[in-house]
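>>> Sequence and predicted structure are below.
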Number of protein chains: 2
Amino acid sequence: MIKPRSRRGGGRPTIADVARKAGVGAITVSRALREPGRVSEDLRRQIESAVNELGYVPDPNARALASARAEVFGVLVPSLTNNVFAEVVRGIYDSLSDGPFRIQLGNTHYSGLEEERLLQVFGPQRPAALIVAGIDQTPASRKLLETAGCPVVQVMETGLDPVDMMVGFSHFQGGKAAAEHLIEAGYRRIGFIGARMDPRSQRRLAGYRAAMEAAGLFDPRLTTTTPVPSSVTLGRELFRDALAKVPSLDAVFCNNDDIALGVLFECHRASIAVPKTIGIVGFNDLDMMEVAFPSVTSVRTYRYEIGRRAVAMALAAIEGNRPEQRVVDLGFELKRRESTAR
Amino acid sequence: MIKPRSRRGGGRPTIADVARKAGVGAITVSRALREPGRVSEDLRRQIESAVNELGYVPDPNARALASARAEVFGVLVPSLTNNVFAEVVRGIYDSLSDGPFRIQLGNTHYSGLEEERLLQVFGPQRPAALIVAGIDQTPASRKLLETAGCPVVQVMETGLDPVDMMVGFSHFQGGKAAAEHLIEAGYRRIGFIGARMDPRSQRRLAGYRAAMEAAGLFDPRLTTTTPVPSSVTLGRELFRDALAKVPSLDAVFCNNDDIALGVLFECHRASIAVPKTIGIVGFNDLDMMEVAFPSVTSVRTYRYEIGRRAVAMALAAIEGNRPEQRVVDLGFELKRRESTAR
DNA sequence: ATGAAAAGTGGTAGCGCTACCATGACGTTA
DNA sequence: TAACGTCATGGTAGCGCTACCACTTTTCAT
């Protein structure tokens, strides 16, 4: 006599239980759940009530195994705590929370190697889609993305050569707009302060440089950067360094808002007038920039919207209608505020 | 003739391929991967090289189905963007990234109902452990946690009645310490400003109240709260409200650092001297509080450490040795800074 | 030397679900 | 009326892995 393996599932109802209760075949239950339109009204109702009575919830693992496709979105970001990426993840999460898809989060710690490793781990899971931050994947990562067999969305930036799809904006243009604004406001010795110079920061710097060179104002001594992770504390220190190096500094374009905030606080502490003596521009436009005193000019980026749009595009691609526009530029907006109003 | 279903997996090697190549049974490969100690040195080496040659990576879905246990940690937090929870998640992530465990993230949006829904969705996945923020689960959620059949760690707070394990600290004591510090510093009309009054904030408020009552200083008019989500902007507005209500206000204990920052900026804007005219205390001690000008006194909490410890406890429980100490209090530290130094 | 336990290995039978094909009941067209 | 499609449903055979047992070989105490 064959003893069935003691229901390892702890007695959770299976699709067979539902089928028995509803008096139909298991496959019909499966269909009723996934494509209700293909099952007759009658059976659908019977199945629904059986599902409710038993409290049946499909086992995602069995489903993934049988269909060779997990209802999972793989999401790779360089940091979990950086508010910018947290907002992207929130956008992804909110767009996914109605549907059946789960999120599998990966933190690359700004490392291409770690990204490769994570992609390797994600692969066997057969995710329904992959969303990765950035466009500077290593060749190996790129190959993994190309052969993943699912929609891929690169987010945060736009570029010319998407693996599949892209949603973001031009960091170069953002940096350029920031610098041009400072130039237009009458500042001349405009510094660039940046921490954790990832590829996006590099492109902001390039944009700054382009604007400065166009105005004949570029001077390499005006640039102060470090590979160290960004923080408000670091912003303050870098600003001190910059000022020591170039006492004539009259404005700074900061890599991001944390750095800008550090600069602002240091100005307060050292009684440096903002925007009179020093103009400040940040990047990303966190909530607090508007409330700061003086309020800080910043380049507004649409992180949450990027997350949402990435999911929308991936979902469309899963349904078979890949958007004809593979690269979506959500742009940015320079928010002019008191810190540069002189 | 039976045609095998066209390798849906896209031709990825399976455990059978490895077994064939190594000249052993599939089950031995499985064992070599999961419990290397139970396989002889020789076979282990052969299997390892077969694995490397083929680039074999086990399918987590098949594994989960067969073993009725997914290598997944379910993590429920009320917010993805609130830095406090982002740090907890980071701690969890970092502690898990060496091992085989993935993270399944759930955002409850501070809603008990949403928490219930998520727990319902997580259940069928048979997670290896569940980490949930807070100790105020609904009765239904509590039951779901109790019957989840895996280790459960409640984080961020400590309480008397853990579902299984707990890591956190006492928000009541934190609030009390903050208020006592202000009283000791000589402030008398000490307000409480709070947004999004979740249970943790309520307990901080209770701690504040206890300290104020003990000193004979409590006055309900000193408390200004709102259920609206917290932000720096909101901090500024609530502070204005509080000041309009009680012009004699001489200090505020803020629900969290965002609010405190809003207060600080408003003080700058309205030329209110800090700490002379108004003392400010925040909660959580974000990086920037130390750099702010004036630097802001805050209650330091160990979010990252909470995440790490939660994982350590869960992992131990999975291994079968549940720590004898079910409730771990990681405490807090009041960081005294310029904003209350008068 | 002998029995018994321990260690190492493999076969079989699922885990819960869905892809694939088969079936039968209906139209629908020529 | 025959031939053919379409629709609704079900049966069967796996997806890739591991639990459970069985079997052999080794080790060890007596």
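Cool, got the structure. Keep in mind that this is a model prediction, so the values were computed, not measured.

>>> what residues does chain A put near DNA strand D?
Within chain A, the positions near DNA strand D by Cβ under 7 Å from any atom of the strand are A:5-6, A:8, A:23-28, A:31, A:38-40, A:42-43, A:62, A:65-66, A:68. Heads up, the C-betas are built off the backbone N, CA and C, glycines and all.

>>> What about these, which are in helices?
Of the residues of chain A next to DNA strand D, the ones assigned to helices by DSSP state H are A:A26, A:I27, A:T28, A:R31, A:D42, A:L43, A:A62, A:L65, A:A66.

>>> Give me the distance between the second one and chain B.
The one in question is A:I27. 16 Å (Cβ to the nearest Cβ, to the nearest Å).

>>> Name the nearest residue to the residue positioned nearest the centre of chain A, ignoring sequence neighbours.
Nearest to the geometric centre of chain A sits A:V88, at 3.8 Å (Cα atoms, centre = their mean). Distances taken as Cβ to Cβ, 6 or more residues apart in numbering or on different chains place A:G307 nearest to A:V88, at 4.3 Å, with adjacent residues excluded.

>>> again, but for A:P294
A:E338 (3.5 Å).

>>> correct me, but the one you found touches A:V291?
No: in this structure A:E338 lies outside contact range of A:V291 using Cβ atoms under 8 Å: 11.2 Å.

>>> Which one's more surrounded, these two?
Each of A:E338 and A:V291 has its neighbours counted (other Cβ atoms under 10 Å in any protein chain shown); A:V291 has more, 23 against 17.

>>> OK, contacts around the more buried one?
Applying Cβ atoms under 8 Å, 6 or more residues apart in numbering or on different chains, one finds that A:V291 lies in contact with B:V232, B:T233, B:G235, B:R236, B:L261, B:G262, B:F265, B:E266.

>>> before we move on, which element is the fourth one in?
The secondary structure element spanning B:R236 is helix B:232-245 (assigned by DSSP states H and E).

>>> How about that helix and chain A, any contact?
Yes: applying Cβ under 8 Å from any Cβ of the partner chain, one finds helix B:232-245 in contact with chain A at B:V232, B:T233, B:G235, B:R236.

>>> C-alpha coordinates for that helix, PDB please?
Only the C-alpha atoms of helix B:232-245 are listed here, as PDB (Å, rounded to 0.1, in the frame of the first residue of the first chain):
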ATOM      1  CA  VAL B 232      10.100  68.000   6.800                       C
ATOM      2  CA  THR B 233       7.500  70.300   5.400                       C
ATOM      3  CA  LEU B 234       4.900  69.000   7.800                       C
ATOM      4  CA  GLY B 235       7.300  69.600  10.700                       C
ATOM      5  CA  ARG B 236       7.500  73.200   9.800                       C
ATOM      6  CA  GLU B 237       3.700  73.500   9.600                       C
ATOM      7  CA  LEU B 238       3.000  71.700  12.800                       C
ATOM      8  CA  PHE B 239       5.600  73.800  14.600                       C
ATOM      9  CA  ARG B 240       3.800  77.000  13.400                       C
ATOM     10  CA  ASP B 241       0.500  75.600  14.700                       C
ATOM     11  CA  ALA B 242       2.000  74.600  18.000                       C
ATOM     12  CA  LEU B 243       3.500  78.100  18.400                       C
ATOM     13  CA  ALA B 244       0.300  79.800  17.500                       C
ATOM     14  CA  LYS B 245      -1.500  77.600  20.100                       C
END
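
>>> Please work out the average pLDDT along it.
Summarised as a single mean, pLDDT over helix B:232-245 is 96.

>>> which outside residues touch that helix?
Residues contacting helix B:232-245 (Cβ under 8 Å, 6+ apart): A:287-288, A:290-291, B:191, B:193-195, B:221-222, B:224-226, B:228, B:249, B:252, B:254, B:258-263, B:265-267.

>>> Now it: buried residues?
Judged by neighbour count using 16 or more other Cβ atoms under 10 Å in any protein chain shown, the buried positions of helix B:232-245 are B:V232, B:T233, B:L234, B:G235, B:R236, B:E237, B:L238, B:F239, B:A242, B:L243.

>>> So for stretch A:213-225, what gets flagged as buried?
Buried, per 16+ other Cβ under 10 Å, within stretch A:213-225: A:L217, A:F218, A:L222, A:T223, A:T224, A:T225.

>>> quick one on the thing from earlier: quick check: of the residues of helix B:232-245 next to chain A, which lies closest to chain A?
B:V232 (3.9 Å; Cβ to the nearest Cβ).

>>> Look up how far DNA strand C lies from the closest one.
46 Å (Cβ to the nearest atom of the strand, to the nearest Å).

>>> so how many other residues sit close to A:K335?
A:K335: 16 neighbours (other Cβ under 10 Å).

>>> Quick one: residues contacting the residue nearest to A:V88.
Here A:G307 is in contact with A:E87, A:V88, A:V89, A:R90, A:G91, A:I92, A:Y93, A:D94, A:S95, A:I131, A:V155 (Cβ under 8 Å, 6+ apart).

>>> Using the three-state scheme, assign the fifth one.
Going back to what we said before, that points to A:G91. Put simply, A:G91 is helix when judged by DSSP: H, G, I helix; E, B strand; the rest coil.

>>> what's the one residue in the stretch 201-342 of chain A that gets nearest to DNA strand D in contact with, if anything?
With Cβ to the nearest atom of the strand, the shortest gap between the stretch 201-342 of chain A and DNA strand D falls at A:G320, namely 18.2 Å. Contact analysis of A:G320 by Cβ under 8 Å, 6+ apart lists nothing.

>>> and what of A:D164?
A:L145, A:P151, A:V152, A:V153, A:Q154, A:A317, A:R326.

>>> Next, give me the two most distant ones among the buried residues of stretch A:213-225.
A:L217 and A:T225 (18.0 Å; Cβ to Cβ).

>>> The residue lying closest to A:T225 once chain neighbours are set aside: which element?
If the residues on either side of it in the chain are set aside, A:T225 comes closest to A:G194, at 4.3 Å by Cβ to Cβ, 6+ apart. Secondary-structure element containing A:G194, defined by DSSP H and E: strand A:190-195.

>>> go on, A:M313?
Using DSSP H and E, A:M313 maps to helix A:303-318.

>>> For that helix, buried residues please.
Buried residues in helix A:303-318 (16+ other Cβ under 10 Å): A:303-304, A:306-311, A:313-315, A:317-318.

>>> Can I take it that A:L334 is in a helix?
No: per three-state DSSP, A:L334 lies outside any helix segment and is strand.

>>> contacting residues around it?
A:L334 neighbours (Cβ under 8 Å, 6+ apart): A:A177, A:A178, A:H181, A:T297, A:S298, A:V299, A:R300.

>>> For the second one, list the residues it contacts.
Pointing back at A:A178 there. Contacts of A:A178 (Cβ under 8 Å, 6+ apart): A:R204, A:G207, A:Y208, A:F253, A:V281, A:F283, A:T297, A:V299, A:L334.

>>> 6 Å instead, please
The contact partners of A:A178, taken as Cβ atoms under 6 Å, 6 or more residues apart in numbering or on different chains, are A:F253, A:V281, A:V299.

>>> Save the residues you listed as CSV, and put in pLDDT too.
Below are the contacts of A:A178 laid out as CSV (pLDDT from 0 to 100):
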residue, pLDDT
A:F253, 98
A:V281, 98
A:V299, 98
